[in-house]
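Engineer: Okay, here's the prediction I keep looking at, along with the sequence it came from:
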Amino acid sequence: MSECKKPGELIVHAEPYAHVLAYKEVDNRCSYCFKSCTTLKKCAACGLLKYCDVKCQKSDWSIHKTECPCYKQTLPKIPTDSVRLLLRIVIRHLRGDDEKLVPEDPGWRCFSELESHCLDIQRDKKRSDIFSQMMFTLQELVGDLIKLPSAYLLFSMFGKMVINTFSICDDSLQSIGSGLYVSPSQIDHSCQPNAVAIFSGKTVQIRAVAEIPDVAPEKLSLSYIDQLRPSAERIDELEEQYYFTCQCSRCLDKNIDEVMYSVKCPQEKCSGYLGIKSDDTFKSCSNCGDINTDQQYITQSLKTIEIVDERLTKLEDIKKNGDWSGVLSICEECLKSFHILSELNVYRTRLLDLAFDSCINLELWQKALKYGLQTLEAYRYHYPVNTPNLSLQLMKVGKIQLFLEKTEDSLKTLQEAETGLQISHGVEHSLYQALLQLIAQGTEELRHKIREQS
């Protein structure tokens, strides 16, 4: 495969080798196609999986008929999503699918060719302990219904699963399940990717976000992680999760990190920022050119970033419990206390993001708009061009502006989102079509206002 692809063009699409819907979504989405549905029909035998129609239930039956009795005999216990995914991989192995290509997949490789990283996982106590716990749960789940493969084979399957599985996301990039995509998992990581993985239900689409002269698998790159973090954090996560050290252009560019850590210039009436270098000194101000050598200001800046980083970890735990009022309260206290952080500082941006999401969940629309707008400059600066994060943030902000009858502002925001979303998602994606409807709604409302004024 050597054809050239331009930004926005589809490179490949693929169906999963094995996939599971997150348990938290079983009452909202079809367990096979992952589409939202208000009239789900549950499996009459196990009652765990639910489907939007008979067609999806029949399509899933080739796998579910084997796992169904296992779920039925262990209810009300519900195995974790990862155990359920591993069971599906085991079932496919027992069917002899390891060497077969997946239908509706580019066909770059089959399951047996995936890297398992067994030696890395053996040296990783945390992962090894997880495997042991999963084996206990898996054996308890299948009982005498399924004869499991050898421990060696199970360990290899586990390794292939944890290294190659994609988090299947909804239109807001929120995880709704997991899927192992045999060919797309061959694409390497870069924090400055030339392609992006977008989901339509359980189908993954790989689209170009930069011009790619040669779309052979080894020439493609995806970002496995969120890029709105300094390189040290990204590198640590990639080493922990995938056992490699990222050496992409973005990780090697220390200027990006300096801005991510930046603080406001202390000079009166200056709107610039001071980048913090790797030796904990300041880079000259982006606006006035001043180089602040005040050791007290350096110490204060570094301590502030350390405290905010700790608060962010705490906030993620509170968010998991659904305490949006608690999240918002801490975010607002931090933003007030730690105003030294610049508008491009990623720790400040993450606080604003959490405050933004909290206000949306609490239906505090005026506050939500205030916080959402404040994230946009950092999003524009830090996220690679044409990746979907900025477009999705713009769409959320634009929807709130439209709701609050800030029609002209909304149209500008949504039209900026449209430019990026057309590239990352393609014009046929349901999210892009929803965006066009919002733009049409805003355009009609603006015309109505103009008619009323004249």
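Structural biologist: Arrived safely.
Engineer: only C-alpha atoms for contact and neighbour calcs from this point on.
Structural biologist: OK.
Engineer: I'd say His19 and Ser167 touch.
Structural biologist: No - taking contacts as Cα atoms under 8 Å, His19 lies outside contact range of Ser167: 9.8 Å.
Engineer: quick one: Thr304 and Phe338 touch, right?
Structural biologist: Yes - using Cα under 8 Å, Thr304 makes contact with Phe338 at a distance of 6.6 Å.
Engineer: So which of His19 and Ser167 has more stuff around it?
Structural biologist: Using other Cα atoms under 10 Å, the more surrounded residue of His19 and Ser167 is His19, with 28 against 18.
Engineer: Can you tell me the SS state at the more buried one?
Structural biologist: Three-state call for His19 (DSSP: H, G, I helix; E, B strand; the rest coil): strand.
Engineer: Distance of it relative to Gly398?
Structural biologist: 33 Å (Cα to Cα, to the nearest Å).
Engineer: Repeat that for Ala417.
Structural biologist: Using Cα to Cα, we find Ala417 at a distance of 9 Å from Gly398.
Engineer: which of those two has more neighbours?
Structural biologist: For Ala417 versus Gly398, neighbours defined as other Cα under 10 Å are more numerous around Gly398 (31 against 24).
Engineer: Dead centre of this structure: give me the residue that sits there.
Structural biologist: Leu173 (5.0 Å; Cα atoms, centre = their mean).
Engineer: Looking at Thr304 and Phe338 now, which is surrounded by more residues?
Structural biologist: Ranked by neighbour count (other Cα under 10 Å), Thr304 and Phe338 place Thr304 first, with 20 against 17.
Engineer: Which helix or which strand is home to the more buried one?
Structural biologist: helix 295-320 (DSSP states H and E).
Engineer: got a list of contacts for the helix or strand following that helix?
Structural biologist: Toward the C-terminus, helix 295-320 is succeeded by helix 324-337 as the next helix or strand (DSSP H and E). Helix 324-337 is contacted from outside by 308, 315, 318-319, 348, 351-352, 354-355, 358-359, 361-362, using Cα atoms under 8 Å, 6 or more residues apart in numbering.
Engineer: Cys285: neighbouring residues, count only.
Structural biologist: Residues near Cys285, counting by other Cα under 10 Å: 22.
Engineer: Please identify the nearest residue in space to it, excluding sequence neighbours.
Structural biologist: Once flanking residues are discounted, Cys285 sits nearest to Leu274: 4.7 Å by Cα to Cα, 6 or more residues apart in numbering.
Engineer: where does the residue nearest to the centre of the chain fall, helix, sheet strand or coil?
Structural biologist: Using three-state DSSP, the structure places Leu173 in coil.
Engineer: confidence score at it?
Structural biologist: Listed pLDDT for Leu173 reads 90.
Engineer: Quick check: it vs Gln192, distance?
Structural biologist: Distance from Leu173 to Gln192, by Cα to Cα: 18 Å.
Engineer: again, but for Ala22
Structural biologist: Ala22 is 29 Å from Gln192, by Cα to Cα.
Engineer: what's the answer for Trp61, then?
Structural biologist: 40 Å.
Engineer: the more surrounded of these two?
Structural biologist: Using other Cα under 10 Å as the criterion, Trp61 and Gln192 rank with Gln192 on top: 18 against 14.
Engineer: got the contact list for the more buried one?
Structural biologist: Contacts of Gln192 by Cα under 8 Å, 6+ apart are Ser223, Cys248, Ser249, Arg250, Pro384.
Engineer: Then Cys285?
Structural biologist: For Cys285, the contact set (Cα under 8 Å, 6+ apart) comprises Cys265, Gly272, Tyr273, Leu274, Gly275, Ile291.
Engineer: Could you find the closest non-adjacent residue to Ile423?
Structural biologist: Closest residue to Ile423 apart from its sequence neighbours, by Cα to Cα, 6+ apart: Gly8 at 3.7 Å.
Engineer: ok, now which ones touch that neighbour?
Structural biologist: Shown in contact with Gly8 (Cα under 8 Å, 6+ apart): Arg207, Ala208, Val209, Gln422, Ile423, Ser424, His425, Gly426.
Engineer: Among these, which are located in strands?
Structural biologist: Arg207, Ala208 (DSSP state E).
Engineer: of the contacts of Gly8, closest to Glu3?
Structural biologist: Lowest distance from Glu3 to those (Cα to Cα) belongs to Ala208, with 12.2 Å.
Engineer: From His425, how far out is the closest residue to that closest one other than its chain neighbours?
Structural biologist: Spatial nearest neighbour of Ala208, excluding adjacent residues (Cα to Cα, 6+ apart): Ala195 at 4.3 Å. Ala195 sits 11 Å away from His425, taking Cα to Cα as the criterion.
Engineer: okay, and the common contacts of these two?
Structural biologist: Arg207.
Engineer: Nearest to Lys147, out of the contacts of helix 324-337: which one, please.
Structural biologist: Top of the list for closeness to Lys147, among those and by Cα to Cα, is Lys319 at 40.3 Å.
Engineer: And for the nearest residue to the closest one once chain neighbours are set aside, the neighbour number?
Structural biologist: Leaving aside its sequence neighbours, Lys319 sits nearest to Val327 (Cα to Cα, 6+ apart; 6.5 Å). Neighbour count for Val327, taken as other Cα under 10 Å: 23.
Engineer: any idea how far Val327 lies from Thr349?
Structural biologist: For Val327, the distance to Thr349 equals 15 Å [Cα to Cα].
Engineer: can you check Gln241 too?
Structural biologist: Taken as Cα to Cα, the span from Gln241 to Thr349 is 25 Å.
Engineer: residue boundaries of the strands in the chain?
Structural biologist: Under the criterion DSSP E, the chain contains strands at 10-14, 18-21, 41-42, 50-51, 165-169, 175-180, 188-189, 195-200, 203-208, 221-222, 263-264, 273-274.
Engineer: average model confidence for the third one?
Structural biologist: So the one you mean is strand 41-42. The average pLDDT within strand 41-42 is 94.
Engineer: Over to the fourth one?
Structural biologist: Confidence over strand 50-51, taken as the mean pLDDT, stands at 98.
Engineer: what's the offset of that strand from the middle of its chain?
Structural biologist: 25 Å (Cα atoms, centre = their mean, to the nearest Å).
Engineer: Need the contact partners of it.
Structural biologist: Against strand 50-51 from outside (Cα under 8 Å, 6+ apart): Val26, Asp27, Arg29, Cys30, Ser31, Tyr32, Leu40, Lys41, Lys42, Cys43, Gln57.
Engineer: Quick check: buried residues in stretch 333-341?
Structural biologist: Residues of stretch 333-341 classed as buried: Cys334, Leu335, Phe338, Ile340, Leu341 (neighbour count, 16 or more other Cα atoms under 10 Å).
Engineer: circling back to that earlier point, with neighbour count and distance to Gly201 as extra columns, can I get the contacts of strand 50-51 in JSON lines?
Structural biologist: Converted to JSON lines, those look like this (neighbours: other Cα atoms under 10 Å; distance: Cα to Cα, whole Å):
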{"residue": "Val26", "neighbour count": "20", "distance to Gly201": "14"}
{"residue": "Asp27", "neighbour count": "19", "distance to Gly201": "15"}
{"residue": "Arg29", "neighbour count": "24", "distance to Gly201": "10"}
{"residue": "Cys30", "neighbour count": "26", "distance to Gly201": "9"}
{"residue": "Ser31", "neighbour count": "28", "distance to Gly201": "10"}
{"residue": "Tyr32", "neighbour count": "24", "distance to Gly201": "9"}
{"residue": "Leu40", "neighbour count": "18", "distance to Gly201": "15"}
{"residue": "Lys41", "neighbour count": "17", "distance to Gly201": "18"}
{"residue": "Lys42", "neighbour count": "19", "distance to Gly201": "19"}
{"residue": "Cys43", "neighbour count": "14", "distance to Gly201": "20"}
{"residue": "Gln57", "neighbour count": "21", "distance to Gly201": "15"}
